[in-house]
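> Sequence and computational prediction follow.
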Number of protein chains: 4
Amino acid sequence: MDINGIKIGGPNFQIIAGPCSVESPQQILDIAKKVSAAGASILRGGAFKPRTSPYDFQGLRSDGIDLLLETKKQTGMPIVTEIMNTNHLPLFENVDIIQVGARNMQNFELLKELGMTRKAVLLKRGLANTMQELLMSAEYIMAGGNPNIILCERGIRTFETYTRNTLDISAVPMLRELSHLPVVVDPSHASGIARMVEPMSLAAAAAGADGLMIEVHNDPVNALCDGAQSLTPEQFAVTAAKVRRIREVIKQ
Amino acid sequence: MDINGIKIGGPNFQIIAGPCSVESPQQILDIAKKVSAAGASILRGGAFKPRTSPYDFQGLRSDGIDLLLETKKQTGMPIVTEIMNTNHLPLFENVDIIQVGARNMQNFELLKELGMTRKAVLLKRGLANTMQELLMSAEYIMAGGNPNIILCERGIRTFETYTRNTLDISAVPMLRELSHLPVVVDPSHASGIARMVEPMSLAAAAAGADGLMIEVHNDPVNALCDGAQSLTPEQFAVTAAKVRRIREVIKQ
Amino acid sequence: MDINGIKIGGPNFQIIAGPCSVESPQQILDIAKKVSAAGASILRGGAFKPRTSPYDFQGLRSDGIDLLLETKKQTGMPIVTEIMNTNHLPLFENVDIIQVGARNMQNFELLKELGMTRKAVLLKRGLANTMQELLMSAEYIMAGGNPNIILCERGIRTFETYTRNTLDISAVPMLRELSHLPVVVDPSHASGIARMVEPMSLAAAAAGADGLMIEVHNDPVNALCDGAQSLTPEQFAVTAAKVRRIREVIKQ
Amino acid sequence: MDINGIKIGGPNFQIIAGPCSVESPQQILDIAKKVSAAGASILRGGAFKPRTSPYDFQGLRSDGIDLLLETKKQTGMPIVTEIMNTNHLPLFENVDIIQVGARNMQNFELLKELGMTRKAVLLKRGLANTMQELLMSAEYIMAGGNPNIILCERGIRTFETYTRNTLDISAVPMLRELSHLPVVVDPSHASGIARMVEPMSLAAAAAGADGLMIEVHNDPVNALCDGAQSLTPEQFAVTAAKVRRIREVIKQ
């Protein structure tokens, strides 16, 4: 798969990084430059945010998309952001990768609609969905003729409470065996704890993931959402360097 | 809550019954008459069907809604059917209760849209959602000004494999304590096994549920979906009679 | 099965009641008399207590057994109490029903040892054990020649946090279908919340359980363990009366 | 911790390897020599086997221990094997590390007894136990005065069915943060699938584990238990070499 010159899958390994939510022009541009310098090749940023409570920050919505596109223009980084409603598709025309979040993994109407496009889709595994169901949801997109799908493991729901979710790293080799689709891992949402992101990133790379998606914020303490799981750009640079060394071992 | 003269919540107890999917005019009318005679007050029937695989029967879609409305006209029974896409809302204008399925419990864009209507909404608990998250999803609807919500427990996902899901009957008294909203139980989807429907219906009634939603099919073996969990109209009549006797004990 | 004249299984329904832990002669005798008057036929009381932390109250151990036997002598009630170690078997010689707790459901050495006796065994389902595993553990006891087994559903571990465990009431009809063994339900440990005990007791009876095991304490606030889930004798009497009315409906 | 000159924890990394069950003198000696040559420093082998069904192979029991001790004499490798009954403790006098299996993690009587010894104990996390409960079980051993505990993550029970259990790799950094005890990972039992063992071993090493415990059998197809998850000695040698390269990256 080729996203604006960035190759995903096969021998390639890509790191997607950026804030949970786009908050301001300065914030997103600043983070984009820093994660790019540290080795991230794709920029993430939430514009439409699925929040458990209606009273939590819901994202900048279409303004957030505009800021991402502006940042893309300035940095050249392809962007990935989440869609929550088929009616918003026109806003995603210049988005490089459309994310389907964990809570919408079985929003079949949305999947069918994305199957009609030829957009790259990052499909996150639902919190309580089996790998089989994830692959069937990918099938909904492919049945429409769109083969550009990236699978994403982001943690499943278990009885354990020390981590927000339980990252199922065995999904990486299993999904790669069951499907030709690239598999990336989101260690940030899996644990919900910033200091767990590095060890889980290294583990995912060691298990053979095709990439990572990591939340990075320039000011985690004051982030409008999920600050507790965000790395600073400096922490991200350290982690990305270690991940690259793991990748070199794996490639041998 | 008053649905076309059918009262839900408080001292009332209602049974919603009908097939998983609307299949033909004769099928839905025949079932409607039989479940009505046996004590069901509301008719269910799937028109838009969320199926794990894109290659499974997807429902009759708008034709299914038409058949439900025609059956409503002939029997006087209010109808409940599932919505999967905000764009379909116009089709639901004469539907009495709009169902939000388990897989869409956190489809927040859909919830917001339903909050803008004054339609009764049957909100099913997601397979891996906590009661707190169910109540927050109800809050998304209420935040828009729509208070007409019925909560539905339909089984959660656990490690047990003898039943498809694990019906969490403790959710009935717990949700009734945490909220003023009526709570109904769907014993058909919970186990996926027809012979479990009666004991689980009796258990739900004994635990204080405000109603039941039971799948009934005139020919379960040849049903286009979920035949294995459907009661025949005759089995339904027996179960409904036993449920009424349990209700009498509970009311005392 | 006949426990000192108390018949379990078939058309019979028995309520086991008593405190989480035996604390003093007065406490256990007082509770025994009250639960007996309210309809309980078997007395429960913990002597050896499996506690998550080594620093929690571990039970009166052999002194607790002595107090139960003394209470049995004074009231005529058969007693059930938990074993945690095969070496303690001699202490259980006059105990009527030996309980194997959820944490020891797959302590196969203990099961084999109990299979060598002809004692009645109350075998609790483990927090994360399937029904199939429960039946295989019963098989360990039966393989030794001891057929006197009572199965007990007491809640399984799920992601839900409002209740301590999730009572799997569907296990009642399922286990009764898969096995000839009687099935009782423990609603106290399942939720960990006293006010959930009554609705869950009624639900279990409605689903066809052969009995209930309910924690009752004369002074829940000061109980040495699990006070939050204990009914007072007065609450127990109300619940037991309602359970009997549900049983009458079920028997018809 | 020092096991006959083999250091566990701190900067050290040890691989425990060997068959699920000791089957014959030739089998265990042959495997021991091969895994030792490939870099394993400790030999595992089951003598007492906890099996779900009483009709499955239960291990060679005390004869199995004898064969392990004989192999230890010939190879110099320290040995680890599982205990299931406090009465068997005398048989474990010359065993270097006593394993407490997942099903006995909350067999508190066994833990107390092991706390009275000064033996090294490999404590496996239960299939449905939280990290907090694992640490409390370790506390049962430490409360008796025995600080020689190795924690072992071996997969937890979830709804996913493609793998037997879900290996919770996030437990590695979390347990190392919460406790000073070394943490090893058992990738064989976690997935139950031989071809998953290598990627999960690499992931565990990358996440910072202090060691691995891997099942190796000279003839997996004919193994008396768990052949499907066993590596051949040749596969083990390849995996062990890759693990060492990951370790070198991690140590930097």
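Sure thing, it's come through.
> Point me to the helix or strand that includes residue A:73.
helix A:62-75 (DSSP states H and E).
> chain center to that helix: distance?
Relative to the chain's own centre, helix A:62-75 is displaced by 17 Å; criterion: Cα atoms, centre = their mean, to the nearest Å.
> Name the next helix or strand downstream of it, please.
Next element after helix A:62-75 (DSSP H and E): strand A:79-83.
> which parts of the helix holding residue A:73 are buried?
A:64-65, A:67-69, A:71-72, A:75 (16 or more other Cβ atoms under 10 Å in any protein chain shown). Every C-beta, even on glycine, is put in place using the N, C-alpha and C of the backbone.
> now stretch A:136-147
Judged by neighbour count using 16+ other Cβ under 10 Å, the buried positions of stretch A:136-147 are A:136-142, A:144, A:146.
> any residues touching it, and which ones?
A:105-106, A:108, A:111-112, A:114-119, A:121, A:123, A:129, A:149, A:151, A:179, A:181, B:52-55 (Cβ atoms under 8 Å, 6 or more residues apart in numbering or on different chains).
> In helices only, show me those.
A:108, A:111-112, A:114-116 (DSSP state H).
> Generate a PyMOL selection restricted to the buried subset of the contacts of stretch A:136-147.
Selection of buried members from the contacts of stretch A:136-147 for PyMOL, criterion 16+ other Cβ under 10 Å:
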select buried, (chain A and resi 105+106+108+111+112+114+115+117+119+121+123+129+149+151+179+181) or (chain B and resi 52+53+54)
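> could you pick out which of the contacts of stretch A:136-147 are near chain C?
When Cβ under 8 Å from any Cβ of the partner chain is applied, no member of the contacts of stretch A:136-147 is adjacent to chain C.
> Looking at stretch A:139-155 now, give me its mean pLDDT.
The average pLDDT for stretch A:139-155 rounds to 97.
> just stretch A:61-76 next, same as before
97.
> The stretch 101-250 of chain A against chain D: which residues are in contact?
A:128, A:130-132, A:156, A:158-163, A:166-170, A:172-174, A:177-178, A:190-191, A:195-196, A:199-200, A:202-208, A:242, A:245-246, A:249-250.
> which ones among those residues are found in helices?
Counted as lying in helices by DSSP H, out of these, are A:131-132, A:172-174, A:177-178, A:190-191, A:195-196, A:199-200, A:202-206, A:242, A:245-246, A:249-250.
> Just the buried residues out of those residues, in ChimeraX syntax.
Remark: buried members of these, expressed as a ChimeraX selection using 16+ other Cβ under 10 Å:
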select /A:131,172,173,174,190,191,196,199,200,202,203,204,205,206,242,245,246,249,250
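> Go over the secondary structure and confirm residue A:239 is in a helix.
Yes: under DSSP: H, G, I helix; E, B strand; the rest coil, residue A:239 sits within a helix.
> Pull the contacting residues for it.
So residue A:239 contacts A:197-198, A:201-202, A:214, A:231 (Cβ under 8 Å, 6+ apart).
> and which of those is nearest residue A:222?
Lowest distance from residue A:222 to the contacts of residue A:239 (Cβ to Cβ) belongs to residue A:231, with 14.9 Å.
> Find the residue closest to that closest one in space, skipping its chain neighbours.
Excluding the flanking residues, the one nearest residue A:231 by Cβ to Cβ, 6 or more residues apart in numbering or on different chains is residue A:216, at 5.1 Å.
> Find the nearest non-adjacent residue to the residue in chain A that chain B sits nearest to, please.
Nearest residue of chain A to chain B: residue A:128, at 2.7 Å (Cβ to the nearest Cβ). Spatial nearest neighbour of residue A:128, chain neighbours left out: residue B:128 (2.7 Å); criterion: Cβ to Cβ, 6+ apart.
> Quick check, that neighbour in contact with residue A:157.
Yes: with contact defined as Cβ atoms under 8 Å, residue B:128 reaches residue A:157; the gap is 4.8 Å.
> what touches both of these two?
Shared contacts of residue B:128 and residue A:157 (Cβ under 8 Å, 6+ apart): A:127-128, C:159.
> Pull up the per-residue confidence for the residue nearest to residue A:65 when sequence neighbours are not counted.
Take residue A:65 and drop its neighbours on the chain: the residue closest to it by Cβ to Cβ, 6+ apart is residue A:47, 4.8 Å away. What the model reports as pLDDT for residue A:47 is 96.
> Let's verify the residue nearest the centre of chain A: helix, strand, or coil?
Nearest to the mean C-alpha position of chain A, by Cα atoms, centre = their mean, lies residue A:213 at 4.5 Å. For residue A:213, the secondary-structure state derived from three-state DSSP is strand.
> and the gap between it and chain D?
16 Å (Cβ to the nearest Cβ, to the nearest Å).
> show me where the stretch 1-150 of chain A has strands.
Under the criterion DSSP state E, counting those that start in this stretch, the stretch 1-150 of chain A contains strands at A:2-3, A:6-7, A:14-18, A:42-44, A:79-83, A:97-100, A:120-124, A:149-153.
> what's the most buried one of the ones you listed?
strand A:42-44 (a mean of 28; mean count of other Cβ atoms under 10 Å in any protein chain shown).
> Quick one: residues contacting residue A:62.
Residues near residue A:62 by Cβ under 8 Å, 6+ apart: A:47, A:88, A:91.
> Top of those by number of neighbours, please.
Within the contacts of residue A:62, residue A:47 tops the neighbour count with 25 neighbours, counted by other Cβ atoms under 10 Å in any protein chain shown.
> gap between that residue and chain C?
In this view, residue A:47 and chain C are 29 Å apart by Cβ to the nearest Cβ.
> residue contacts, that residue?
Residues in contact with residue A:47 (Cβ under 8 Å, 6+ apart) are A:21-22, A:59-65, A:67-68, A:81-82.
> what do you get if the cut-off is 7 Å, keeping everything else the same?
Residues in contact with residue A:47 (Cβ atoms under 7 Å, 6 or more residues apart in numbering or on different chains) are A:22, A:59-61, A:64-65, A:68, A:81.
> Could you point out which of the residues you listed is nearest to chain C?
Of all the contacts of residue A:47, chain C sits closest to residue A:59, with 26.0 Å by Cβ to the nearest Cβ.
> Against residue A:101, how distant is that closest one?
Distance of residue A:59 to residue A:101, given as Cβ to Cβ, to the nearest Å: 12 Å.
> Please apply the same query to residue A:214.
Taking Cβ to Cβ as the measure, residue A:214 falls 16 Å from residue A:101.
> neighbour count winner among those two?
Remark: of residue A:214 and residue A:101, residue A:214 carries more neighbours, 28 against 23, as counted by other Cβ under 10 Å.
> so how far is residue A:187 from the residue lying closest to that one once chain neighbours are set aside?
Using Cβ to Cβ, 6+ apart and skipping residues adjacent in sequence, the residue nearest residue A:214 is residue A:17, 4.9 Å away. Applying Cβ to Cβ, the value for residue A:17 to residue A:187 is 11 Å.
> For these two, list the residues in contact with both.
Common neighbours of residue A:17 and residue A:187 are listed as residue A:214 (criterion: Cβ under 7 Å, 6+ apart).
> near chain B, which residues of chain A show up?
Neighbours of chain B within chain A, by Cβ under 7 Å from any Cβ of the partner chain: A:50, A:52-54, A:84-87, A:103-104, A:106-109, A:127-128, A:133, A:136, A:139-140, A:143, A:157.
> The closest residue to residue A:40 other than its chain neighbours: what's it in contact with?
Distances taken as Cβ to Cβ, 6+ apart place residue A:17 nearest to residue A:40, at 3.8 Å, with adjacent residues excluded. For residue A:17, the contacting residues are A:35, A:40, A:44, A:214, A:216, A:236, by Cβ under 7 Å, 6+ apart.
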